[in-house]
Structures are given as structure tokens and as C-alpha cells.
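*Asks:* Give the three-dimensional model of this entry:
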Amino acid sequence: MRKTKAKGNTYLLDRAFVVLMDPNTGEVLTMAGRQYGRNSKTGLTEMNDFALGNITTSYTMGSSVKGATVYTGFQTGAIAPGSAFLTENFF
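*Replies:* Coordinates of the predicted model:
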């Protein structure tokens, strides 16, 4: 995250989370999180542990949901690799 922040134009990038789960049972094996921010006392930027953010923060679902939806379609046989769909604007 530090390397990416150094590139600039990343004001929205201030935290990252990882959740490791058993794919067979759904059991959560471990969670980790880091938050990047400015220390109000020193003025320096620092990286802090923020594992709790895995369960205390919320976000609007985005592109990662698309991949999960396609994967679920493959797993259930609803779609096959190479499938194509025509989508149109209905509004």
C-alpha cells in the first residue's frame, strides 16, 4: 500500500483488508487489515493495524461482486465458460 500511495492520486486508498476462509466450510481462518493515515500528534503518515475493520466498516458493492456472480454461475452450471450475453439499456 505504501508503494501505491507514493504514486499519488490515491486519496481514497487508506485501508486494505484480507480474509482467509476455508473454501469447503466457509470457516474464517484469519483476518488482517491495515489503515494508512496521518498521526494527529506527529503529522507523519503511518500504517496501523486495522484487522477489526474487516467487520466494522462497510462499502458499496462494486466490481468484485461481478466476478463472484460469474463464479457462482460456473459452479452451479447456470453458465459455461465462453458464454456471451447481450445486455441493453432498459431505461
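*Asks:* measure Met61 to Thr4 for me?
*Replies:* 22 Å (CB to CB, to the nearest Å). All C-beta spots, glycine's among them, are computed from the backbone N, C-alpha and C.
*Asks:* One more: Thr30?
*Replies:* 23 Å.
*Asks:* buried set for stretch 34-52?
*Replies:* Judged by neighbour count using 16 or more other CB atoms under 10 Å, the buried positions of stretch 34-52 are 34-36, 50-51.
*Asks:* Flag the shaky bits of this protein, pLDDT-wise.
*Replies:* 64, 90-91 (pLDDT under 70).
*Asks:* By residue count, tell me the biggest helix in it.
*Replies:* The longest helix of the chain (DSSP state H) is helix 63-76.
*Asks:* which residues sit against that one?
*Replies:* Contacting residues not belonging to helix 63-76 are listed as 78-81 [CB atoms under 8 Å, 6 or more residues apart in numbering].
*Asks:* can those residues go into a markdown table with extra columns for neighbour count and distance to Leu20?
*Replies:* A markdown table is the format used below for those (neighbours: other CB atoms under 10 Å; distance: CB to CB, whole Å):
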| residue | neighbour count | distance to Leu20 |
| --- | --- | --- |
| Ala78 | 11 | 27 |
| Ile79 | 15 | 27 |
| Ala80 | 8 | 29 |
| Pro81 | 6 | 26 |
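*Asks:* Now tabulate those residues in a markdown table and tack on distance to Val19.
*Replies:* Shown next, in a markdown table, are the contacts of helix 63-76 (distance: CB to CB, whole Å):
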| residue | distance to Val19 |
| --- | --- |
| Ala78 | 25 |
| Ile79 | 26 |
| Ala80 | 29 |
| Pro81 | 27 |
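*Asks:* ok, Leu52 touching Gln35?
*Replies:* No: assessed by CB atoms under 8 Å, Leu52 is found out of contact with Gln35, at 10.0 Å.
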